[in-house]
Structure formats: C-alpha cells, structure tokens
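Asker: Would you be able to build a 3D model of this:
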Amino acid sequence: MAVHKIIKYLLFTINFVFFVAGITILGLSVHARNNRADYQITDNLLPPINLLVFVGAVTMILGFLGCCGAVREDRRLLKLFFVGLFAVLFMMLALGVLGALSRTEAAQEVVKEHLKELLPLSAAPKDVQESFQQLERSGFCCGFFVGPLDWGNSTVVPDSCNCTDTSRNCTVLDGRQVYSTPCMTYFMTWLDRLSHTFIMVACGFGILMILGMVFSSVIGFQVCVKKGSVI
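Answerer: Next up, the predicted model:
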C-alpha cells in the first residue's frame with residue numbers, strides 16, 4: 001500500500017508539472033501570436049508559434065487527465081493519459097529528427113540562399129535594417145556573410161558596425177574601426193547554443209513522460225487487480 005501511494009503521488013506531481021508547463025507554453029505562445037508586431041514575428045514564423053500553441057494545449061490537457069486519473073485511480077483516464085503521452089513522445093522524437101536534419105550543411109546552405117536575397121543590406125526595408133543593426137550591436141559583428149561590405153559599400157556601413165570593443169575582431173574601413181566578423185557566424189553559434197538548450201529541455205520532458213507512462217501503467221494494473229480483472 002505504501003508503494004502504491006508513493007507511485008500515485010509521484011504520478012500526480014509529474015502531471016501537475018505537465019499541467020503548469022502546458023499553461024505556461026500556451027499562454028506565452030498565444031501572447032506572442034497576438035502581439036506579432038511587438039516581437040517582430042513574420043508570417044514565416046507563424047507555423048512554429050502555432051505548433052507551440054498546439055503543444056501547450058495538449059500538454060495542459062494531458063496533465064489534467066493525468067492528475068484526475070491519479071487521484072481517482074480511473075482506468076479510462078489513465079489509458080487516455082498513457083496514449084496521449086506516447087503520441088506526444090513520438091512527435092517529440094520526430095521533431096528532434098527534423099531539427100537534427102535542419103542543422104546539416106545542406107539545410108544551412110538553403111537558409112543562406114534565402115538570406116542572400118536581403119543583400120545589399122542598405123537596400124533592405126527600414127525595419128529589417130534597424131533589427132539587423134540591433135543584432136550587430138549585441139553580437140559585435142558587421143554584415144551577414146562577408147562583413148561590412150554586405151551593406152553595399154563603405155559609405156553606407158552604419159554606426160552599429162563601429163568597433164566599440166577592441167578585444168573583438170576589428171578592421172579599418174575608410175579611417176574607422178569596424179567589426180570584421182560577419183553576423184552569420186554569431187547567429188549560427190547562438191543557434192547551436194539554443195538548440196542544445198532545447199535538446200536538454202526536451203530530454204528532461206522525455207524522461208518525465210516515460211516515468212508518467214510507467215507510473216500510469218503500474219497504477220492501472222493495480223486498479224485492475226483490485227477489481228479482479230487485468231484486461
């Protein structure tokens with residue numbers, strides 16, 4: 001009985017974490033979707049945002065079903081919870097494979113080809129230029145692929161390229177020091193760090209999901225034994 005109660009409370013705790021995480025993901029993603037202009041979310045970024053809305057809603061519902069199933073020891077709720085966790089875990093594995101494929105050199109080359117359409121940067125829309133200048137200031141970089149000349153010529157290179165940190169890689173351009181590192185290098189480094197963080201978080205959720213599936217199966221089996229039916 002003591003082991004049964006421990007498993008029951010552990011399952012409830014895991015599902016409560018899922019429920020809170022689902023509400024958080026759902027709330028943040030809906031907020032970002034409704035305030036696209038504030039977060040500079042383009043139409044190309046809407047599918048991932050919509051996916052986050054779906055994941056948040058599903059995680060919240062599964063967490064609620066799991067909590068109810070653990071407290072009431074309801075076989076049907078526990079079955080729904082188990083099947084839902086299995087489906088989400090499968091989707092996470094599929095997304096992980098797609099994410100790994102997107103980090104290949106071939107995929108990165110496709111991204112670069114699309115970004116080259118923005119060159120020269122001086123001819124890009126004003127909002128794109130302002131956003132890119134913010135990136136240059138925070139990333140201590142200049143230009144996208146080659147360097148400062150990605151802006152077109154030396155006369156249109158903005159002040160955001162000025163070398164304010166001499167410990168960084170800088171070069172002299174028309175009598176002033178500017179960053180020589182292209183922002184693509186900074187962007188890819190940042191993307192790798194972000195992907196590693198997402199992988200760690202996904203692994204943590206994956207472990208919780210597997211534990212939830214195991215605990216729900218154990219409780220479901222014990223409920224069947226109590227009722228004299230294992231089917």
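
Asker: just the helices in the chain please.
Answerer: With DSSP state H as the definition, the chain shows helices at residue ranges 2-34, 46-72, 75-102, 105-115, 126-139, 183-227.

Asker: pLDDT below threshold where in this protein?
Answerer: Applying pLDDT under 70 to the chain flags the ranges 1-3, 37-45, 95-96, 98-112, 114-115, 194, 227-231.

Asker: so Val17 sits right up against Gly63, yeah?
Answerer: Yes. Val17 is within contact range of Gly63, at 7.4 Å (criterion: Cβ atoms under 8 Å). For glycine as for every other residue, the C-beta is placed from the backbone atoms N, C-alpha and C.

Asker: could I get the helices of the chain as JSON lines with mean neighbour count and distance to Ser160?
Answerer: As requested, those are arranged in JSON lines below (neighbours: other Cβ atoms under 10 Å; distance: least, Cβ to Cβ, whole Å):
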{"stretch": "helix 2-34", "mean neighbour count": "16", "distance to Ser160": "26"}
{"stretch": "helix 46-72", "mean neighbour count": "18", "distance to Ser160": "27"}
{"stretch": "helix 75-102", "mean neighbour count": "15", "distance to Ser160": "29"}
{"stretch": "helix 105-115", "mean neighbour count": "11", "distance to Ser160": "18"}
{"stretch": "helix 126-139", "mean neighbour count": "15", "distance to Ser160": "4"}
{"stretch": "helix 183-227", "mean neighbour count": "15", "distance to Ser160": "10"}
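
Asker: out of these, nearest to Val146?
Answerer: Nearest to Val146, of all these, is helix 183-227, at 9.3 Å by Cβ to Cβ.

Asker: Compute the inter-axis angle for the closest one and helix 46-72.
Answerer: If you take axes from the mean of the first three to the mean of the last three Cα atoms, to 10 degrees, helix 183-227 sits at 20 degrees to helix 46-72.

Asker: the inter-axis angle of helix 183-227 versus helix 126-139?
Answerer: 90 degrees.

Asker: Helix 183-227 vs helix 75-102, what angle?
Answerer: Using the same axes, to 10 degrees: helix 183-227 against helix 75-102 is 160 degrees.

Asker: now helix 183-227 and helix 2-34, what's the angle there?
Answerer: Using the same axes, to 10 degrees, helix 183-227 lies at 140 degrees relative to helix 2-34.

Asker: rewinding a little: now render the helices of the chain as JSON lines, adding distance to Asp150.
Answerer: Conversion of the helices of the chain to JSON lines gives the following (distance: least, Cβ to Cβ, whole Å):
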{"stretch": "helix 2-34", "distance to Asp150": "29"}
{"stretch": "helix 46-72", "distance to Asp150": "27"}
{"stretch": "helix 75-102", "distance to Asp150": "24"}
{"stretch": "helix 105-115", "distance to Asp150": "10"}
{"stretch": "helix 126-139", "distance to Asp150": "10"}
{"stretch": "helix 183-227", "distance to Asp150": "9"}
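
Asker: Report the central residue of the chain.
Answerer: By Cα atoms, centre = their mean, the chain has its centre lying nearest to Phe198, at 5.7 Å.

Asker: And that one, how close does it get to Glu130?
Answerer: Between Phe198 and Glu130 the computed distance is 28 Å (Cβ to Cβ, to the nearest Å).

Asker: Next: Leu11.
Answerer: Note on Leu11: its distance to Glu130, by Cβ to Cβ, is 50 Å.
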